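[1] Provided below are the primary sequence and the corresponding predicted coordinates.
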Amino acid sequence: MQRSELEARLKGWADEYGGGKYEHVGWHSRNMLQTIIEHQGFIPDSRGYVPVPIRSAADEIEQVVNRMEAEGWFKQGRVLRCDYFLPNAPLEVRFRNLRAIGITLSRASYYDHLAQAKAYVAGALKSAEAA
């Protein structure tokens, strides 16, 4: 999978799951990351309107990210969510949001975790295409 294709898929996922399609997007608005922070890293069962998964491209990415987080790549998954769900937020706001759920990272570590998460997603998507 080419880098530009992966970026397009991740941006589409962020639009759908980060708020873009159903809520106002922006680092100052309420979105999935804010909900995760408020619930200390977990998404509550009764969180209001949840779109029915229809196996869209965004649903596929969300499934991969959920699997990544469940398989011991929790920090990478949360960094990926933070980076794409808050695309216009200053880095300090992203760090503050991550610290609120117990993840403290340096700038270099943040970008390492982001690269690892993207590699995980790219590999999972490539495996799915081959199957």
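    Arrived safely.

[2] so how far is stretch 79-88 from its chain's centroid?
    Centroid separation between stretch 79-88 and its chain, computed with CA atoms, centre = their mean, to the nearest Å, is 6 Å.

[3] Please apply the same query to stretch 56-73.
    On CA atoms, centre = their mean, the centre of stretch 56-73 falls 9 Å from the chain's centre.

[4] can you pull the buried residues of it?
    Using 16 or more other CB atoms under 10 Å as the test for burial, stretch 56-73 gives Ala58, Asp59, Glu60, Ile61, Glu62, Val64, Val65, Met68, Glu69, Trp73. Every C-beta, even on glycine, is put in place using the N, C-alpha and C of the backbone.

[5] Which residue, other than its chain neighbours, is closest to the fifth one?
    The reference is to Glu62. Tyr17 (5.4 Å; CB to CB, 6 or more residues apart in numbering).

[6] just the last one next, same as before
    Spatial nearest neighbour of Trp73, excluding adjacent residues (CB to CB, 6+ apart): Tyr120 at 6.1 Å.

[7] What are the neighbouring residues in contact with that neighbour?
    Counting by CB atoms under 8 Å, 6 or more residues apart in numbering, Tyr120 makes contact with Val64, Met68, Trp73, Gln76.

[8] Could you export those to CSV, including columns for pLDDT and secondary structure?
    Compiled in CSV, the contacts of Tyr120 are given as follows (pLDDT from 0 to 100; DSSP: H, G, I helix; E, B strand; the rest coil):
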residue, pLDDT, secondary structure
Val64, 96, helix
Met68, 97, helix
Trp73, 96, coil
Gln76, 97, helix
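
[9] As JSON lines, the residues you listed with distance to Leu10 would be great.
    JSON lines is the format used below for these (distance: CB to CB, whole Å):
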{"residue": "Val64", "distance to Leu10": "10"}
{"residue": "Met68", "distance to Leu10": "13"}
{"residue": "Trp73", "distance to Leu10": "15"}
{"residue": "Gln76", "distance to Leu10": "13"}
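
[10] between those residues, which is nearest His113?
    Minimum distance to His113 across the contacts of Tyr120 is 4.8 Å, recorded for Gln76 (CB to CB).

[11] And that closest one, how far from Ala8?
    Applying CB to CB, to the nearest Å, the value for Gln76 to Ala8 is 20 Å.
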